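Chemist: just the structure for this:
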Amino acid sequence: MALAFLAILLCAAVPAPAPLADTVEFFPASAIRPGMVGTARTVFEGDTLEEFKVEFLGVLKGAIGPQQDMILARLHGEKVEYTGVVAGMSGSPVYMDGKLVGALSYRLGTFAKEAIAGITPIADMLRLGENLPRAGTRAANQAPDLLGPFLERRSMSASAEPGLSPRRAPIPVGPGFPVAATSGLRPIGTPLVCSGCDSQVLGYYAPIFEAEGLEPATGGGASSASGPMPLLPGTAIGGALITGDLSLNAVGTLTHVDGNRVFAFGHPLLGIGSLEIPMTQAQVILTFASAAGSFKIANATEPMGTVIEDGLTAIVGEVGRVPPVLPFKVRVKGSGGERVFSYGVVKNRTWSPVMVSLATANSLVRSTEFQAGASLALHYRIEIDGYPPVEVEDLYAGTNPGQPVHLAVANDAGGLMNLLIGNPFEELHVRSAEADVEVLEDSQVATISSLGTAVTEVRPGEPFTVTALLAPFRGQEKEVRFEVALPEDTPQGDVQIIVAGGPVIDGLDRRLLDRQVAQAGNLRDLLRLVTRQRTSHTLYLRVTRRSPSAIVRSDILPELPLSVFSVFNNPRLSADTTLMSEATILEVPHDLDLVVLGGRRIALRVK
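Modeler: Residues are numbered from 1 along each chain as shown. Model prediction:
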């Protein structure tokens, strides 16, 4: 069923704050001497700028990177000596004799007894903006997959038969971003201000954010009642990963304004490089002091521009530039009616899947009809320019305490987005995505208690019946019959009959699915594989036999003659060919209204 998608408008009605017009002079790092005293600005509460003293200790050569020095300083002042270096203070401008030195950006240790900070020289921050165009669309660089480790396919309960294990989504896993650190110095943490988040859902995804230096914190997301705040060095600024009914804003401090361009943080936000994400301001509600690490609690404003560069020494943004976002909608239907959640997701091949997954899980637990042990029916649709919509449907049951049902649904939604926008063939323009989730009243789950047939030998083409007995959770046993006839050309010998739910069959095909994805020749091959995935509410009967087979460019060639099999065994073809010793003769689906766990197998002989 085609569902209309309502566009999410993020920046059209938000006036941009006025840029700073004053000319700023710079103080070079080479002129810094130990004992010099300067000043720094930041916001501890509200939007009031406050100054504190900065005692320069010296310059650490190459501390940030090759030919990129760091200035080491001790901070003085009643508030800063009480709080220490605060998460969210990244980018606070530091001045010497009224000239801009750089940005507070690094901290020393976690339980430091005094406020020691590293300063990124302003020259290294400005260098990021030298070759950036003032307008136009920029494509994000290739970045590692962050969601992969969290996308293990929903773990149904232990199989009824050894060897029949649940499947996992074929998602590649990449390394995390490196973080610049020298002699105990590390980037000051960046608070990830969360509005509308469920604490348990956020806790599940927190390791992804923490690996990138983001520290999830309570906060809010709303427009400033008095309009845009002054855009001054020292005020809070950040980047939004998602907006709408759920908002996640990484908050730091503005260092320098150059016309409609701003420089902030003094260290990476996500370490992506070129990107386009919504840029916001923030009102600091409270600076929370903690021995383990103080941090700012803030309300983020609506977007007022776009972050266009995320480099080693700063983030660069343009005021008034409207960022592209992915409209994402989640509809949750239950006995109490329907709730609709709308989001604007950052368009980035690394972070879009994470945000889609998090928003889906959060939408479910924020619905009053939802229960952790419920069964959920998912219809997921992704609109892509130049291709038919990608649609998948499945049924989920809350059977695994380690991965509640809302996370299973969310991880599948994020996993599919990850597979599509991370494809190696072409840059996809995803117009929109939507997930319709129906919360079913009863736990619709069953196991296969027995599997049998009245015969032990069959002839090709001769029909016979295979009977599976299902045991629903707290329900009456249900019999499912498969009427089967083997192909006329089936050779004599033993065959295996397996009856199981979709996740178990995909688990058996894990290596096969991985190889098909890896050997897909183009995006259409990949889309064909995605839409072919088996569902958990379908019972499958599969007949297999030992036979030489091969996967060639994502297509399966079963029952190969030995002469052809030996040709494919040529090492020069190994990149596009995978050889197998077992072939599927027949596969018969039987749709159900419940989730089937586990599987059974029996053996027959073909005469």
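Chemist: so which residues of the stretch 451-600 of the chain form strands?
Modeler: 457-458, 464-472, 478-484, 493-501, 538-552, 555-557, 577-591, 595-597, 599-606 (DSSP state E, counting those that start in this stretch).
Chemist: ok, of these, where does mean pLDDT dip lowest?
Modeler: Here the strands of the stretch 451-600 of the chain differ in mean pLDDT, and the lowest is strand 555-557 at a mean of 54.
Chemist: just to revisit the earlier point, deepest-packed of the strands of the stretch 451-600 of the chain, please.
Modeler: By mean neighbour count, with neighbours taken as mean count of other CB atoms under 10 Å, strand 595-597 ranks first of the strands of the stretch 451-600 of the chain at a mean of 28. Backbone N, C-alpha and C define where each C-beta goes, glycine included.
Chemist: mind listing the strands that one pairs with, and their directions?
Modeler: strand 445-453 (parallel) (DSSP bridges).
Chemist: just how off-centre is the partner strand within its chain?
Modeler: 37 Å (CA atoms, centre = their mean, to the nearest Å).
Chemist: is the one residue sitting closest to the centre of the chain within a helix or a strand, and which one?
Modeler: With distances taken as CA atoms, centre = their mean, the residue of the chain nearest its centroid is residue 354 (1.6 Å). Assigned by DSSP states H and E, residue 354 falls within helix 351-365.
Chemist: going on from that helix, what's the next piece of helix or strand?
Modeler: By DSSP H and E, the next helix or strand past helix 351-365 is strand 375-384.
Chemist: and that following strand, what other elements does it pack with?
Modeler: strand 390-397, helix 405-421, strand 430-440 (3 or more CB pairs under 8 Å, 6 or more residues apart in numbering; DSSP states H and E).
Chemist: so what does the longest one touch, helix or strand wise?
Modeler: Contacts defined by 3+ CB pairs under 8 Å, 6+ apart place helix 405-421 against helix 199-210, helix 351-365, strand 375-384, strand 390-397, strand 430-440, helix 523-531.
Chemist: just send these back as JSON lines, with mean pLDDT too.
Modeler: As requested, these are exported to JSON lines (pLDDT from 0 to 100):
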{"stretch": "helix 199-210", "mean pLDDT": "90"}
{"stretch": "helix 351-365", "mean pLDDT": "94"}
{"stretch": "strand 375-384", "mean pLDDT": "92"}
{"stretch": "strand 390-397", "mean pLDDT": "88"}
{"stretch": "strand 430-440", "mean pLDDT": "92"}
{"stretch": "helix 523-531", "mean pLDDT": "83"}
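Chemist: highest mean neighbour count out of these?
Modeler: helix 351-365 (a mean of 27).
Chemist: give me the angle between that one and strand 375-384.
Modeler: Computed by axes from the mean of the first three to the mean of the last three CA atoms, to 10 degrees, the angle separating helix 351-365 from strand 375-384 equals 150 degrees.
Chemist: partners of residue 106 in the sheet?
Modeler: Here residue 106, judged by DSSP bridges, has bridge partners residue 118, residue 187.
Chemist: then residue 337?
Modeler: Counting by DSSP bridges, the residues bridging with residue 337 are residue 334.
Chemist: pLDDT value on it, please?
Modeler: pLDDT, residue 337: 84.
Chemist: ok, it to residue 331 distance?
Modeler: Distance, residue 337 to residue 331, by CB to CB, to the nearest Å: 11 Å.
Chemist: tell me which of those two has more neighbours.
Modeler: residue 331 (17 against 10; other CB atoms under 10 Å).
Chemist: residue 231 reaches residue 319, doesn't it?
Modeler: Yes. Counting by CB atoms under 8 Å, residue 231 touches residue 319, with 6.7 Å between them.
Chemist: run through the bridge partners of residue 452.
Modeler: residue 467.
Chemist: heads up, I number from 55, so please use that
Modeler: Taking 55 as the first residue, the last one we looked at is residue 506.
Chemist: between the two ends of stretch 544-558, how far is it?
Modeler: Length of stretch 544-558, first residue to last, CA to CA, to the nearest Å: 25 Å.
Chemist: hmm, I was thinking of stretch 115-131
Modeler: Start-to-end, stretch 115-131 (CA to CA) is 27 Å.
Chemist: stretch 251-271 now?
Modeler: Start-to-end span of stretch 251-271 (CA to CA) is 10 Å.
Chemist: and for stretch 152-171?
Modeler: End-to-end for stretch 152-171, by CA to CA: 20 Å.
Chemist: pLDDT weak spots in the stretch 205-354 of the chain?
Modeler: The model of the stretch 205-354 of the chain has pLDDT under 70 over residues 205-237, 272-282, 345-346.
Chemist: the strands in it, which residues?
Modeler: 239-241, 244-249, 268-272, 274-275, 290-298, 301-312, 315-318, 327-342, 349-354.
Chemist: for these, which one sits closest to residue 368?
Modeler: strand 315-318 (5.0 Å; CB to CB).
Chemist: so which elements touch that closest one?
Modeler: Partner elements for strand 315-318 (3+ CB pairs under 8 Å, 6+ apart): helix 176-181, strand 301-312, strand 369-373.
Chemist: and if we set it to 7 Å?
Modeler: strand 301-312, strand 369-373 (3 or more CB pairs under 7 Å, 6 or more residues apart in numbering; DSSP states H and E).
Chemist: which one of those lies closest to residue 362?
Modeler: Comparing the helices and strands packed on strand 315-318 by CB to CB, strand 369-373 comes nearest, at 5.7 Å.
Chemist: what pairs with the closest one, parallel or antiparallel?
Modeler: strand 315-318 (antiparallel), strand 359-364 (antiparallel).
Chemist: could these go into JSON lines alongside mean neighbour count and distance to residue 150?
Modeler: Below are the strands paired with strand 369-373 laid out as JSON lines (neighbours: other CB atoms under 10 Å; distance: least, CB to CB, whole Å):
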{"stretch": "strand 315-318", "mean neighbour count": "26", "distance to residue 150": "18"}
{"stretch": "strand 359-364", "mean neighbour count": "25", "distance to residue 150": "26"}
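Chemist: thinking again about what came up before, closest to residue 144 out of the strands of the stretch 205-354 of the chain?
Modeler: strand 301-312 (4.2 Å).
Chemist: who does the closest one pair up with?
Modeler: With DSSP bridges as the test, strand 301-312 pairs up with strand 244-249 (antiparallel), strand 290-298 (antiparallel), strand 315-318 (antiparallel).
Chemist: neighbours around residue 338, how many?
Modeler: Counted with other CB under 10 Å, residue 338 comes out at 24.
Chemist: what's the spacing between the nearest residue to residue 302 once chain neighbours are set aside and residue 588?
Modeler: Nearest residue to residue 302 in three dimensions, chain neighbours excluded: residue 295, at 4.5 Å (CB to CB, 6 or more residues apart in numbering). Per CB to CB, residue 295 is found 32 Å from residue 588.
Chemist: what does residue 169 give?
Modeler: 57 Å.
Chemist: remind me which helix or strand residue 154 belongs to.
Modeler: strand 153-162.
Chemist: what angle separates that strand from strand 301-312?
Modeler: 150 degrees.
Chemist: what residues sit buried inside strand 153-162?
Modeler: 154-162 (16 or more other CB atoms under 10 Å).
Chemist: output the residues you listed as a markdown table; include the columns pLDDT and distance to residue 564.
Modeler: Listed next are the buried residues of strand 153-162 as a markdown table, based on pLDDT from 0 to 100; distance: CB to CB, whole Å:
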| residue | pLDDT | distance to residue 564 |
| --- | --- | --- |
| 154 | 97 | 56 |
| 155 | 97 | 55 |
| 156 | 97 | 51 |
| 157 | 97 | 48 |
| 158 | 96 | 49 |
| 159 | 94 | 44 |
| 160 | 93 | 44 |
| 161 | 88 | 44 |
| 162 | 81 | 46 |
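Chemist: cool, thanks, talk later.
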